[in-house]
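Asks: build me a model:
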Amino acid sequence: MTDSSRAQGGLICVGAVVAGLLFLLGILSGSYWALAIPVAALVFFALGLIFWVGWTIATIRVEPEPVEPVAPATPSEKTQN
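Replies: Coordinates of the predicted model:
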């Protein structure tokens with residue numbers, strides 16, 4: 001792991017703490033937006049994920065596997081079973 005990766009990880013952690021503090025301050029001050037923005041972000045993320053799964057299923061190209069023909073049973077094979 002490089003030093004730049006550690007620095008980026010540290011910045012992500014600091015950003016998460018700052019976002020958490022801003023959310024907590026918004027909740028304590030009774031702001032409607034403190035709940036509306038994160039809930040909207042989660043809803044849009046979930047809808048985007050659902051759309052991506054549907055798009056992937058709808059546009060996937062699958063090559064059918066070749067089917068080997070089965071020879072019909074002869075009268076002698078029918079009596080052996």
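Asks: avg pLDDT for stretch 12-30?
Replies: Mean pLDDT, stretch 12-30: 93.
Asks: what's the answer for stretch 60-72, then?
Replies: Summarised as a single mean, pLDDT over stretch 60-72 is 82.
Asks: end-to-end on it?
Replies: With C-alpha to C-alpha, to the nearest Å as the measure, stretch 60-72 spans 35 Å from end to end.
Asks: chain center to that stretch: distance?
Replies: Taking C-alpha atoms, centre = their mean, to the nearest Å, one finds stretch 60-72 lying 31 Å from the centre of the chain it belongs to.
Asks: now do the helices in this protein.
Replies: 3-28, 32-59, 75-80 (DSSP state H).
Asks: to P66, which of these lies closest?
Replies: Nearest to P66, of all those, is helix 32-59, at 23.6 Å by C-beta to C-beta. Heads up, the C-betas are built off the backbone N, CA and C, glycines and all.
Asks: could the helices of the chain be laid out in TSV, adding distance to P66 and mean neighbour count?
Replies: Formatted as TSV, these follow (distance: least, C-beta to C-beta, whole Å; neighbours: other C-beta atoms under 10 Å):
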stretch	distance to P66	mean neighbour count
helix 3-28	47	10
helix 32-59	24	10
helix 75-80	25	8
